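Chemist: Prediction below, plus the sequence it came from.
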Amino acid sequence: MTLHDPYNPENIFAKILRGEMPCAKVYEDGGTLVIMDLFPQSRGHCLVIPRSPSTNLLGVSPKDIGRLFGTVQRVTVAVEKALKPDGIVVTQFNGAPAGQTVFHTHVHIIPRYADTDLDAHASEMADMNELAEIATLIRNELEK
């Protein structure tokens, strides 16, 4: 997909937002949903998804950008407190050539642990029970 392809409402994140697909939910509000990545690159890998449909960052309204990145910052702080990683990568891809694989805007929050390589993205599906446990740890920090 290119940067300007039309939004497809049948993408996996749209289905999750509509409640048609399960997820390990971390947090939600009127503008965003935060879930655990089903194919994490490290322990605690989260995705922040805006509720408004957009294929990539170029199609997000300025109002929704503020909500999106407000949630990104809040969840990144909670991930740091809950999981105590040595670093945290916050990244966002726009278009298939840039590495985007789901064409609904989303931001990755990826904890990094010293001396631990990142797993390849989409290499192995995580255990849903483990994801739910990690989501609870992060959510507990958000509720403080």
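Modeler: Yep, it's here. Residues are numbered from 1 along each chain as shown.
Chemist: which residue sits closest to residue 32, ignoring its sequence neighbours?
Modeler: residue 71 (4.2 Å; Cβ to Cβ, 6 or more residues apart in numbering). Bear in mind the C-beta positions are built from the backbone N, C-alpha and C, glycine included.
Chemist: Tell me how confident the model is about the strand or helix carrying that neighbour, as a mean pLDDT.
Modeler: Secondary structure assignment for residue 71, by DSSP states H and E: helix 62-83. When pLDDT is averaged along helix 62-83, the result is 96.
Chemist: The residue nearest to residue 32 reaches residue 27, doesn't it?
Modeler: Yes: here residue 71 reaches residue 27: they are 7.2 Å apart, a contact under Cβ atoms under 8 Å.
Chemist: any common contacting residues for those two?
Modeler: residue 34 (Cβ atoms under 8 Å, 6 or more residues apart in numbering).
Chemist: show me the residues around the residue nearest the centre of the chain that make contact.
Modeler: In the chain, the residue lying closest to the centroid (Cα atoms, centre = their mean) is residue 47, at 0.6 Å. Going by Cβ under 8 Å, 6+ apart, residue 47 touches 13, 34-37, 106-109.
Chemist: Quickly list what it is bridged to.
Modeler: Judged by DSSP bridges, the bridge partners of residue 47 are residue 35, residue 108.
Chemist: can you pull out the helices in this structure?
Modeler: 12-17, 62-83, 128-142 (DSSP state H).
Chemist: Check which helices and strands the first one sits against.
Modeler: If I follow you right, that is helix 12-17. Contacts defined by 3 or more Cβ pairs under 8 Å, 6 or more residues apart in numbering; DSSP states H and E place helix 12-17 against strand 32-36, strand 46-50.
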